[in-house]
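Enquirer: next comes the sequence, and after it the predicted model I'd like to discuss.
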Amino acid sequence: MGSVVDPPHGTSPTLALVHPTEEEKLIQLNLNGSEWKGALSLPVYLRREEVLSSQALTRDGGITYWILVDQDAKSNPLDPTSSARLPLASCETLRKKALVWQDGKTQETITHGIGSVFCAPHLRGRKYAQRMMQELGKVLQTHQTSEKHECLFSILFSDIGKKFYADYGWEPFSSSHISIPGVPSPSVDPTGLPKAKPLHEGDLEELCKLDEALLRKSFQARPKGSPTAVALLPDIDTIRWHHARENFVGTELHGKAPQIKGAMVGSEVGKRVWCYWTRMWYNSNASEAKGNTLHILRVVIEDQESQAPTEETVAALASLLSMAQHQAEEWKAEEVEAWNPSPALVQAAQRLDSSAKLIHRDRESIASLMWYPEHEGPISEKIDWVGNEKYGWC
């Protein structure tokens, strides 16, 4: 049996990946809150997690909690009076809808996004997180699958570089971004840009349905012989999960939830350009912007026929980013950031900030994917991750 002085090593055959009780889940939330509560106090962080677990994306099994335990332990060595097992490491997974294109066929699948990977400081050094990821990679291939919906891959976003998770099967994919200041530059004249209108919560469901249809259409149009492609569906449940987080934290820090959730240029269906965003606050001082970011969740250009960036498209995107800057300024965000931007979006950002450059991340938010079908060698160069944007983060 493990003890405080000599707990079992991560290679022990007595360790198992299980689902926690409510008491065990609360133990881990209290511990990991020190790293992930951001601008919130611990009690408020716990309430936020409760709110996020009751969204349409996470209800009815949408979120699954996991802990690594020692099955041979007769009691919790850190608290022998507790009925809770000692969580040696923990994480959670979100079930998401996905598309996979292979050999000319598009398949509707599910994927699991892994988040909140955690091992308490007093338990580190024994390879518990490593063991948990080994077990999790195997389990997720069949977790919540059915005859209609396979799980062909799982994902995570590493904040500890590219190597750790790659060692257990989650290969790093392109993880770049471009950012511009959260305050509009006085040297930039926005009057020459097309007019953007704000998007509110009530606008999003219809746009998400259109976005899904455009994504499916692009998959069906992939030329034969193209590499395998995967995409998380940017559905309304996913976007609302992000906004539930934003609304909760915004209300706690600023006394209200943001109403403007994105922007659109154009009015003719099929010719419009639009995006959604979310604000993430890490600074507990609500009057300061330092450390806070307005993230562009998703950018959509409805006219998919044009491959090269046109002046019209770049100007439209610049207008969207300009509105995002004004929202960032109002809501105390230091910067506006877009993940894996297209060449047109890079040009648009540089129109507002000539010093903006494409940054290739090597430490934080590294998009990583485990591919379950049989394959030889690395897969990151053999699979196109379409729409690898912030909306997929979890």
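Expert: That came in fine, so what should we check first?

Enquirer: drop to CA atoms for contacts and neighbour counts, all remaining ones
Expert: OK.

Enquirer: show the average pLDDT along stretch 189-206.
Expert: Stretch 189-206 carries an average pLDDT of 95.

Enquirer: just the CA atoms of it, as CSV, please.
Expert: C-alpha atoms of stretch 189-206 as CSV (Å, rounded to 0.1, in the frame of the first residue of the first chain):
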residue,chain,number,x,y,z
ASP,A,189,-7.1,55.7,-39.9
PRO,A,190,-10.0,53.2,-39.9
THR,A,191,-12.2,55.4,-42.1
GLY,A,192,-11.1,53.6,-45.2
LEU,A,193,-12.1,50.2,-44.0
PRO,A,194,-15.5,48.7,-44.7
LYS,A,195,-18.1,49.0,-41.9
ALA,A,196,-18.3,46.2,-39.5
LYS,A,197,-21.4,45.5,-37.4
PRO,A,198,-21.3,43.8,-34.0
LEU,A,199,-22.5,40.2,-33.5
HIS,A,200,-24.5,39.4,-30.4
GLU,A,201,-25.5,36.1,-28.7
GLY,A,202,-28.7,35.9,-30.7
ASP,A,203,-26.8,36.1,-34.0
LEU,A,204,-24.6,33.1,-33.4
GLU,A,205,-26.7,30.0,-33.8
GLU,A,206,-27.6,30.6,-37.4
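
Enquirer: buried ones in it?
Expert: Within stretch 189-206, the residues that count as buried by 16 or more other C-alpha atoms under 10 Å are 190, 193-199, 204.

Enquirer: same question, stretch 298-309
Expert: For stretch 298-309, the neighbour count (16+ other C-alpha under 10 Å) marks 298-302 as buried.

Enquirer: what does that stretch rub up against?
Expert: For stretch 298-309, the external contacting residues (C-alpha atoms under 8 Å, 6 or more residues apart in numbering) are 211, 214, 234, 269-277, 343-344, 387, 389-391.

Enquirer: so how far is that stretch from its chain's centroid?
Expert: The chain centroid and the centroid of stretch 298-309 are separated by 22 Å, computed with C-alpha atoms, centre = their mean, to the nearest Å.

Enquirer: convert the C-alpha atoms of it to PDB, please.
Expert: Output of stretch 298-309 as PDB, limited to C-alpha atoms (Å, rounded to 0.1, in the frame of the first residue of the first chain):
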ATOM      1  CA  ARG A 298     -13.100  31.600 -35.300                       C
ATOM      2  CA  VAL A 299     -12.800  33.500 -38.600                       C
ATOM      3  CA  VAL A 300     -15.200  32.700 -41.500                       C
ATOM      4  CA  ILE A 301     -14.900  33.900 -45.100                       C
ATOM      5  CA  GLU A 302     -18.100  32.800 -46.800                       C
ATOM      6  CA  ASP A 303     -16.800  33.000 -50.300                       C
ATOM      7  CA  GLN A 304     -14.500  30.000 -50.500                       C
ATOM      8  CA  GLU A 305     -13.800  30.300 -54.200                       C
ATOM      9  CA  SER A 306     -11.100  32.800 -53.800                       C
ATOM     10  CA  GLN A 307      -7.800  31.200 -52.600                       C
ATOM     11  CA  ALA A 308      -5.400  34.200 -52.700                       C
ATOM     12  CA  PRO A 309      -5.900  37.100 -50.300                       C
END
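
Enquirer: just the contacts of stretch 298-309: which are in strands?
Expert: If you go by DSSP state E, the contacts of stretch 298-309 have 273-277 in strands.

Enquirer: so which of the residues you listed is the most crowded?
Expert: With neighbours defined as other C-alpha atoms under 10 Å, the most crowded of these is residue 277; it has 27 neighbours.

Enquirer: check contacts around that residue.
Expert: Per C-alpha under 8 Å, 6+ apart, neighbours of residue 277: 261-262, 294-298, 324.

Enquirer: what's the burial count for residue 321?
Expert: Residue 321 has 29 nearby residues by other C-alpha under 10 Å.

Enquirer: which residues touch the helix or strand bottoming out on mean pLDDT in the chain?
Expert: Ranked by mean pLDDT, DSSP states H and E, the weakest helix or strand in the chain is helix 22-36, scoring a mean of 94. Contact with helix 22-36 is made by 42, 45-46, 65, 84-87, 90, 116, 118, 120, as judged by C-alpha under 8 Å, 6+ apart.

Enquirer: with only the CA atoms kept, save it in CSV.
Expert: In CSV, the C-alpha atoms belonging to helix 22-36 read as follows (Å, rounded to 0.1, in the frame of the first residue of the first chain):
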residue,chain,number,x,y,z
GLU,A,22,-17.8,14.2,-6.3
GLU,A,23,-15.6,14.4,-3.2
GLU,A,24,-12.6,13.3,-5.1
LYS,A,25,-13.3,15.7,-7.9
LEU,A,26,-13.5,18.6,-5.4
ILE,A,27,-10.2,17.6,-3.9
GLN,A,28,-8.5,18.0,-7.3
LEU,A,29,-10.3,21.3,-8.2
ASN,A,30,-9.2,22.8,-4.9
LEU,A,31,-5.6,21.8,-5.7
ASN,A,32,-5.5,22.7,-9.4
GLY,A,33,-7.3,26.0,-8.8
SER,A,34,-3.9,27.5,-7.7
GLU,A,35,-2.7,27.2,-11.3
TRP,A,36,-5.9,27.8,-13.3
